[in-house]
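Novice: Only the shape, not the letters, is given here:
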């Protein structure tokens, strides 16, 4: 026959110590690892047991051996709470270290950086997604407007006979006045006759200008031609994009023609 006996007071105390130790040791590795990866964070206290753990467990042991069960249980509970406090300190340190690592994560690299030409192409693609009754209804992006404004400003030269004392050599059509006789439609028609790769040049007092017909494309539902405008002044230069499309110039137009969009 097997003789089953209740565990002694010493055995019960040993089991209590072991269970308290197992519950406490789990909190240290994560905090220590977080401190290693993020030196700037608050360090964990590095202790499995609380500051009073030794005294409290000693008191629990004496009470258990002498038969004072209530006192032993109270002392053991206090030791467990002291150990839990130490575990919480370690957990807070681990969380702080984790937050430090998140703050030091470098910002993502911007993969959408684009050249002005690519941005212009996106603007044309956006216009193509909509339908317009006239080319003049197509929106002009802020970037294209800025390019054209900078292009004109680059062409600024002193002129004693001009109003304000300045002239702008970006206005290419004026250099073909004898041919066009001031007809704006004639200027657009001249551009429209150009084939891809063909160039049109003019010479100002300080700027040398070139318009190159780049390509034909559908924009906003219209047949269009895209141009590269270039101004050279010494070693400096300025560029912008040009666009003309086939459609009605206004709501009063009886027929289609080439219309300068920008």
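Specialist: Ah, there it is. As the structure is a computational prediction, the values presented were derived from the model and not from experiment. Residues are numbered from 1 along each chain as shown.
Novice: Hmm, residue 250 is touching residue 134, no?
Specialist: Yes: using Cβ atoms under 8 Å, residue 250 is in contact with residue 134, at 6.9 Å. (C-beta placed from N, C-alpha, C; glycine too.)
Novice: higher neighbour count, these two?
Specialist: Remark: of residue 250 and residue 134, residue 134 carries more neighbours, 17 against 8, as counted by other Cβ atoms under 10 Å.
Novice: Would you mind confirming that that one makes contact with residue 252?
Specialist: No: in this structure residue 134 lies outside contact range of residue 252 using Cβ under 8 Å: 10.7 Å.
Novice: Show me what stretch 216-229 is in contact with.
Specialist: For stretch 216-229, the surrounding residues in contact (Cβ atoms under 8 Å, 6 or more residues apart in numbering) are 124, 127-128, 130-132, 135, 137-138, 151, 170, 172, 191-192, 194, 196, 209-215, 239-247, 261.
Novice: Check stretch 198-208 too.
Specialist: The contact list for stretch 198-208, computed with Cβ under 8 Å, 6+ apart, reads 154-155, 157, 167, 169-170, 172, 175-176, 190-191, 194, 209-213, 231-233.
Novice: all helices for the stretch 101-250 of the chain, in order.
Specialist: Using DSSP state H, counting those that start in this stretch, the helices of the stretch 101-250 of the chain run over 116-128, 142-154, 177-180, 184-192.
Novice: can you pull the pLDDT of residue 184?
Specialist: For residue 184, the pLDDT comes out at 80.
Novice: contacting residues around it?
Specialist: 173, 260.
Novice: gap between it and residue 218?
Specialist: 24 Å (Cβ to Cβ, to the nearest Å).
Novice: and what of residue 178?
Specialist: Distance of residue 178 to residue 218, given as Cβ to Cβ: 35 Å.
Novice: Counting neighbours, go ahead and name the busier of these two.
Specialist: residue 218 (11 against 6).
Novice: can you pull up the bridge partners for the more buried one?
Specialist: Beta-bridge pairing for residue 218 (DSSP bridges): residue 223.
Novice: Which pLDDT value goes with it?
Specialist: So, for residue 218, pLDDT stands at 94.
Novice: Listing request: residues of the stretch 1-150 of the chain with sub-threshold pLDDT.
Specialist: Along the stretch 1-150 of the chain, the parts satisfying pLDDT under 70 run over 1-130.
Novice: Name the SS class of residue 255, please.
Specialist: coil (DSSP: H, G, I helix; E, B strand; the rest coil).
Novice: domains for the chain, by residue range?
Specialist: For the chain, automatic domain parsing gives the domain ranges 9-103, 116-260.
Novice: before we move on, the earlier item: among the contacts of stretch 216-229, name the buried ones.
Specialist: Using 16 or more other Cβ atoms under 10 Å as the burial test, these include 124, 127-128, 132, 135, 138, 151, 170, 172, 191-192, 194, 209-214, 239-245, 247, 261 as buried.
Novice: Narrow these to those in strands?
Specialist: With DSSP state E as the criterion, strands contain 209-214, 239-245, 247 from among the buried ones among the contacts of stretch 216-229.
Novice: Pretty sure residue 135 sits against residue 247.
Specialist: Yes: counting by Cβ under 8 Å, residue 135 touches residue 247, with 4.5 Å between them.
Novice: so what sits against both of these two?
Specialist: Both residue 135 and residue 247 are contacted by 222, 259, under the criterion Cβ under 8 Å, 6+ apart.
Novice: for residue 243, which residues make a bridge with it?
Specialist: Legend: beta-bridge partners of residue 243 under DSSP bridges are residue 226.
Novice: Appreciated, that's everything.
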